[in-house]
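> Provide a 3D model corresponding to the input given below.
(2 chains)
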Amino acid sequence: MKIGLGYRRDLAAWIDSRPANVECLEITAEHFFEGHEESVSALARKFPLFVHGLGLSLGTPGPLDPVRWKKFARVVQIANPEWISDHIAFTRTAEVDLGHWNPVPPTQEMLRVIADHAREVSECCGKPILLENITSYLQLKGDLGETDFLNQLCDRANCGLLLDVTNLFINSQNHGYDPLKRLQEIDRGRITQLHIVGYSREGERYTDSHSQPIQEELIDLARAVVSHSPVQSIILERDEDFPGPDELAGEMAKLNLIRGGN
Amino acid sequence: MEEIDFITALGRWLRDGRLRDAFAVNPQTVAEQIKLTANDWPGFLQLRAADLEFQARILLRKRFDLVQQLLPETMGCFVFRSDPLTGHEPETVVKPEDEEIMTIAHRGSLGPQRGEGGAGVRSETTSVVERKWFRFMGRDETARVVENQKPPFRFRQSINEQAWPAFFQYARSKWPEEPNPVLHDAFQFCRLLRQENIVSVSDAEWSRLNFALSKNRLSIYGSRRGSHAGESRLMLQVFVRLFPPKWYEFDLFFKI
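Numbering: from 1, shown residues only, chains lettered A, B, ... in the order given. Take a look at the predicted model:
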């Protein structure tokens, strides 16, 4: 099991210093859509890479956005990652680009849309694809329960699950369920990668600001996943308020703890 | 009117505050009006208005984040407000390796007597970077330089508290449909700030937005740049669009 973090330009110097516990990197495809191909190649020479998409909008009915799709495929080609990933969500509709992930209803129709898109992306890129759960402040109902939907989606798309532990926790707190019980309902054999970062609070709600250190309860939840699933990688997904090297090293040490290290 | 699917309908709800307000009062009427497919009615009718509003707010925050990247100086005005001693708006450029002044706290000696807000910030050591007299930037069609210019995280709270309400007022029921929606958001937001005299808009950023939204090949703007050292400079911004959509900005600074 490898541990690493999401590559961000603000962290480039620290990552270049080859700190302990940074064994792999996840690059965000969109960050390299407008060039910097040499940067991707340079990273690929130093670290095993994963390519994570933000805006393929797999949940939008109809064809994938061809411009975005072409750029994504180009980044994958240069990075030669072990796998690629994007979200169980939509960012665009036929009328508007909303710029951020929104939940999809757990219906048979949505199962078909996302599975078809996921297979298309995977086959065209020649890489296995993982699908990630998002934070949602809406609780959408449909033909299927949430975990049935996840399990059937992975089966139908023949893909793995990128389980965002933070998002699972946030949704459980906002919608009032036990994350461990929810975890037991997910097909653990599909959980291939974890994302983790500290959550934030906004009044009564929990939010994913990607700006906080990992809290204890997230470590416990992640350990519960790792103890029963064939997780191959854990990624720290810090996007904001980057701490200094010592604190970053501390965060990576937490990931080492989760995988069972000292 | 054609029936629309759940995803399209949800997109409309999330981008239009007036629709959400109507949904909160009578969801069934709204579902009928927008011709939601019958299969999707149960899913929509069980949505809670408060949850819909919060999800929409997250999207508005993302728009706000992008606008901040185009308007670091104007955002700085929310943090520092006007400097009454010089009569100039303080310049708060985000990155020290960028422009003329990296003035995180330009009046460290005055400290708390400057009033509420930012006293802690004002006690930081002033760091004045050697001034440039010329600056060149290539910009993409969205008016961004290649590197994003997010305000430092430590200022975000002030910006969020002070600038966010104004942005929310503009953006809640408006979603730009033109290409480059971030540019239009930034422009309309600045227009609101100017019209309602909420805070000074950076002349340089206003000029930049005007050029970016135009089809001009060449534009020249002048503006006065004040500083905490009492020095005034004239800034000439020369915008050139030779091979759209990319354009270039040449900035010349003159001591006056």
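> number of nearby residues for A:L180?
Applying other CB atoms under 10 Å in any protein chain shown, we find 13 other residues in the vicinity of A:L180. Every residue, glycine included, has its C-beta placed from N, CA and C.
> ok, longest helix in the chain?
Looking at chain A here, since you left the chain open. For chain A, the helix with the greatest residue count under DSSP state H is helix A:108-125.
> I was thinking of chain B, sorry if that wasn't clear
Secondary structure of chain B per DSSP H: the longest helix is helix B:49-70.
> can you dump the C-alpha atoms of that one in PDB for me?
C-alpha atoms of helix B:49-70 as PDB (Å, rounded to 0.1, in the frame of the first residue of the first chain):
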ATOM      1  CA  ALA B  49     -35.200  23.700   0.700                       C
ATOM      2  CA  ALA B  50     -32.500  24.400   3.300                       C
ATOM      3  CA  ASP B  51     -30.300  21.600   1.800                       C
ATOM      4  CA  LEU B  52     -30.800  22.900  -1.700                       C
ATOM      5  CA  GLU B  53     -29.800  26.400  -0.600                       C
ATOM      6  CA  PHE B  54     -26.700  25.100   1.100                       C
ATOM      7  CA  GLN B  55     -25.600  23.100  -1.900                       C
ATOM      8  CA  ALA B  56     -26.200  26.200  -4.100                       C
ATOM      9  CA  ARG B  57     -24.200  28.300  -1.700                       C
ATOM     10  CA  ILE B  58     -21.200  25.900  -2.100                       C
ATOM     11  CA  LEU B  59     -21.400  26.600  -5.900                       C
ATOM     12  CA  LEU B  60     -21.500  30.300  -5.300                       C
ATOM     13  CA  ARG B  61     -18.500  30.100  -3.100                       C
ATOM     14  CA  LYS B  62     -16.600  28.400  -5.900                       C
ATOM     15  CA  ARG B  63     -17.600  31.200  -8.200                       C
ATOM     16  CA  PHE B  64     -16.400  33.700  -5.500                       C
ATOM     17  CA  ASP B  65     -13.100  31.900  -5.200                       C
ATOM     18  CA  LEU B  66     -12.500  32.200  -8.900                       C
ATOM     19  CA  VAL B  67     -13.400  35.900  -8.900                       C
ATOM     20  CA  GLN B  68     -11.000  36.600  -6.100                       C
ATOM     21  CA  GLN B  69      -8.200  35.300  -8.300                       C
ATOM     22  CA  LEU B  70      -9.000  37.900 -10.900                       C
END
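> what's that helix packed up against?
Packed against helix B:49-70 by the contact rule (3 or more CB pairs under 8 Å, 6 or more residues apart in numbering or on different chains; DSSP states H and E) you find strand A:97-102, helix B:6-15, helix B:17-25, helix B:164-171, helix B:181-195, helix B:203-213.
> export these to CSV and tack on distance to A:I3, mean pLDDT and mean neighbour count?
Output for the helices and strands packed on helix B:49-70, formatted as CSV (distance: least, CB to CB, whole Å; pLDDT from 0 to 100; neighbours: other CB atoms under 10 Å in any protein chain shown):
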stretch, distance to A:I3, mean pLDDT, mean neighbour count
strand A:97-102, 24, 93, 22
helix B:6-15, 35, 92, 23
helix B:17-25, 41, 92, 16
helix B:164-171, 36, 92, 17
helix B:181-195, 35, 93, 19
helix B:203-213, 41, 92, 20
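> in CSV, list these along with distance to A:D241.
Output for the helices and strands packed on helix B:49-70, formatted as CSV (distance: least, CB to CB, whole Å):
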stretch, distance to A:D241
strand A:97-102, 19
helix B:6-15, 27
helix B:17-25, 29
helix B:164-171, 17
helix B:181-195, 22
helix B:203-213, 25
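> tell me how many other residues surround the closest residue to chain B within the stretch 1-150 of chain A.
Proximity of the stretch 1-150 of chain A to chain B (CB to the nearest CB) peaks at A:T93, 3.4 Å away. Residues lying near A:T93 (other CB under 10 Å) number 25.
> surely it touches A:G59?
No. Using CB atoms under 8 Å, A:T93 is not in contact with A:G59; the gap is 9.7 Å.
> now do the shared contacts for the two.
Here A:T93 and A:G59 have B:I7 as joint contacts, going by CB atoms under 8 Å, 6 or more residues apart in numbering or on different chains.
> OK, contacts around the residue in chain B that chain A sits nearest to?
Using CB to the nearest CB, the single residue of chain B nearest to chain A is B:G11, 3.4 Å away. B:G11 is in contact with A:F90, A:R92, A:T93, A:E95, A:V96, A:L98, A:N102, counting by CB under 8 Å, 6+ apart.
> again with A:K46
Contacts of A:K46 by CB under 8 Å, 6+ apart are A:R18.
> quick check: chain neighbours aside, which residue is closest to the residue of the stretch 1-150 of chain A closest to chain B?
Excluding its sequence neighbours, the residue lying closest to A:T93 (CB to CB, 6 or more residues apart in numbering or on different chains) is B:G11, at 3.4 Å.
> most proximal residue of the stretch 151-262 of chain A with respect to chain B?
Taking CB to the nearest CB, the stretch 151-262 of chain A has A:D241 as its residue nearest chain B, at 4.2 Å.
> surely that residue is in contact with A:S211?
Yes. Here A:D241 reaches A:S211: they are 4.3 Å apart, a contact under CB under 8 Å.
> neighbours of B:F136, how many?
B:F136, neighbours per other CB under 10 Å, totals 9.
> over to it. Which of the three states is it?
Of the three states, B:F136 takes strand under DSSP: H, G, I helix; E, B strand; the rest coil.
> ok, now how distant is it from B:D251?
8 Å (CB to CB, to the nearest Å).
> what's the answer for A:A89, then?
Counting by CB to CB, the gap from A:A89 to B:D251 is 41 Å.
> can you tell me the helix or strand for A:R223?
Assessed by DSSP states H and E, A:R223 sits inside helix A:216-228.
> which other residues reach that helix?
Defining contact as CB under 8 Å, 6+ apart, one finds that helix A:216-228 is touched by A:1, A:163, A:165-166, A:168-169, A:179-180, A:183, A:188, A:191, A:194, A:196, A:198-199, A:231, A:234, A:254, A:257-260.
> could you rerun that using 7 Å?
A:163, A:165-166, A:169, A:179-180, A:183, A:188, A:191, A:194, A:196, A:231, A:254, A:257-259 (CB atoms under 7 Å, 6 or more residues apart in numbering or on different chains).
> wait, what's in contact with B:S219?
B:F211, B:F239.
> pairing partners for it in the sheet, please.
For B:S219, the beta-bridge partners are B:F239 (DSSP bridges).
> how close does it sit to A:K70?
With CB to CB as the criterion, B:S219 and A:K70 are 33 Å apart.
> ditto for A:Y7
22 Å.
> more neighbours, those two?
A:Y7 (24 against 12).
> verify the stated contact: that one with A:I27.
Yes. Counting by CB atoms under 7 Å, A:Y7 touches A:I27, with 4.8 Å between them.
> who touches both of these two?
With CB under 7 Å, 6+ apart, A:Y7 and A:I27 have common neighbours A:L43.
> what lies in contact with the following helix or strand past the longest helix of chain A?
Per DSSP H and E, the first helix or strand lying C-terminal to helix A:108-125 is strand A:129-132. With contacts defined as CB under 7 Å, 6+ apart, strand A:129-132 is touched by A:83-88, A:118, A:121-122, A:153, A:157, A:159-162, A:164, A:192-193, A:195.
> again, but for stretch A:249-256
Residues contacting stretch A:249-256 (CB under 7 Å, 6+ apart): A:I3, A:P19, A:A20, A:N21, A:V22, A:P213, A:I214, A:I219, A:I234, A:L236.
> now that stretch - C-alpha only, CSV.
Output of stretch A:249-256 as CSV, limited to C-alpha atoms (Å, rounded to 0.1, in the frame of the first residue of the first chain):
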residue,chain,number,x,y,z
ALA,A,249,5.3,15.5,7.6
GLY,A,250,2.9,15.1,10.6
GLU,A,251,0.0,14.6,8.3
MET,A,252,1.9,12.1,6.2
ALA,A,253,2.8,10.3,9.4
LYS,A,254,-1.0,9.9,10.1
LEU,A,255,-1.3,8.2,6.7
ASN,A,256,1.5,5.8,7.7
